[in-house]
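Novice: using only what follows, build the 3D model:
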Amino acid sequence: MVYLIFPLFLIIVAVAIIASTLYVVRQQTVVIVERFGKYQATVSSGIHVRMPFGIDKIAARIQLRLLQSELIVETKTNDNVFVTLNIATQYRVNEQNVMDAYYKLMRPEEQIKSYIEDALRSSVPKLTLDELFEKKDEIALEVQRQVAEEMSTYGYIIVKTLITKVEPDSEVKQSMNEINAAQRKRVAAQELANADKIKIVTAAEAEAEKDRLHGVGIAQQRKAIVDGLADSIAELKEANIGMSEEQIMAILLTNQYLDTLNQFAQAGNQTLFLPNSPNGVEDIRSQMLSALKAK
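Specialist: You can find the predicted model right below:
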């Protein structure tokens, strides 16, 4: 029986030694190993051996994956507007400086937030609200540069810093919305006024063209009448009927006068003021005769 207990004891001791000696480090993770409380080594992924029975101790397992921290910063712009900034920062441990990342900094995320707040509160008050909206990407890059420089001494790399949201004070935001609405209404009113102007100008141009064409038509009509009368007078003179131009014109105008009265009579109920006798066209005859002679 004693012979069985001793081998069993040796097996248990061997298993305990192996269990306390071998350890595994996962991918994208490094292990800080201490010996008697003093830094011994930084171990990367894989299976490793250490001194058993607490001589070598795993002090920490450090993630090398990308981490993200989000924070909200309240500050004031140069034109005395209080704003709330939403910030997102991506960072990771520098694989070449894991020792500093573990031993120099207790709370890296809190330290990063403090640096970001300090950088923003020193840069945003120099800008107006409009400039802040326009230059928020430039501000984020400058904050990233400052924080990266500070955190590099602690073994951390700042990969990216973004200002994801700029939120002014509620009263200022309401005022901005009202201003934007007023601007949109003004632009809409200007567009409507321009459209009305175009309509009026187009209508005026069309009316002017209509009047011009109407005048051209009347002029051509009158020219045709005069040409017709001139041709009639010339034909009568060639016929040698023994009448002067004045007599021929009187006959033609009288005939034209009677034709006009006949057309008015056929047009229906209309009130017209005309010379009460053929002699009333004497002035017209004289004017037209003068025009024909001039022609």
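Novice: from memory residue 86 sits against residue 69, does it?
Specialist: No: assessed by C-beta atoms under 8 Å, residue 86 is found out of contact with residue 69, at 12.0 Å. Every residue, glycine included, has its C-beta placed from N, CA and C.
Novice: shaky segments in the stretch 151-295 of the chain?
Specialist: Applying pLDDT under 70 to the stretch 151-295 of the chain flags the ranges 172-181, 184, 221-222, 225-226, 229, 232-295.
Novice: dump the residue contacts of residue 203.
Specialist: Counting by C-beta atoms under 8 Å, 6 or more residues apart in numbering, residue 203 touches no other residue.
Novice: also residue 92?
Specialist: 64, 65, 66, 67, 156, 157, 159.
Novice: how about it: which residues does it bridge to?
Specialist: The partner list for residue 92 in beta bridges (DSSP bridges) reads residue 157.
Novice: buried residues, stretch 212-227. List them.
Specialist: When burial is assessed from 16 or more other C-beta atoms under 10 Å, stretch 212-227 yields no buried residues.
Novice: which strands or helices does the helix or strand containing residue 41 pack on?
Specialist: Using DSSP states H and E, residue 41 falls within strand 38-43. Contact here means 3 or more C-beta pairs under 8 Å, 6 or more residues apart in numbering; DSSP states H and E; on that basis strand 38-43 packs against strand 29-35, helix 98-103.
Novice: who wins for proximity to residue 143 among these?
Specialist: Residue 143 lies closest, by C-beta to C-beta, to one member of the helices and strands packed on strand 38-43: helix 98-103, at 20.9 Å.
Novice: can you give me the strands in this protein?
Specialist: Here the chain has its strands, by DSSP state E, at 22-25, 29-35, 38-43, 46-49, 56-63, 67-76, 82-93, 156-168.
Novice: I'd like those strands written out as a markdown table, with distance to residue 230 added.
Specialist: Output for the strands of the chain, formatted as a markdown table (distance: least, C-beta to C-beta, whole Å):
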| stretch | distance to residue 230 |
| --- | --- |
| strand 22-25 | 121 |
| strand 29-35 | 116 |
| strand 38-43 | 121 |
| strand 46-49 | 121 |
| strand 56-63 | 112 |
| strand 67-76 | 94 |
| strand 82-93 | 90 |
| strand 156-168 | 87 |
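Novice: for residue 101, which of those strands is the nearest?
Specialist: That would be strand 82-93 among the strands of the chain, by C-beta to C-beta, at 4.6 Å.
Novice: for that closest one, give the mean pLDDT please.
Specialist: In this model, strand 82-93 has an average pLDDT of 92.
Novice: and residue 194, how far from residue 183?
Specialist: Distance of residue 194 to residue 183, given as C-beta to C-beta, to the nearest Å: 16 Å.
Novice: check residue 89 too.
Specialist: 35 Å.
Novice: do the same with residue 160
Specialist: For residue 160, the distance to residue 183 - C-beta to C-beta - is 35 Å.
Novice: which one's more surrounded, those two?
Specialist: Counted by other C-beta atoms under 10 Å, residue 160 and residue 183 do not tie: residue 160 has more neighbours, with 13 against 10.
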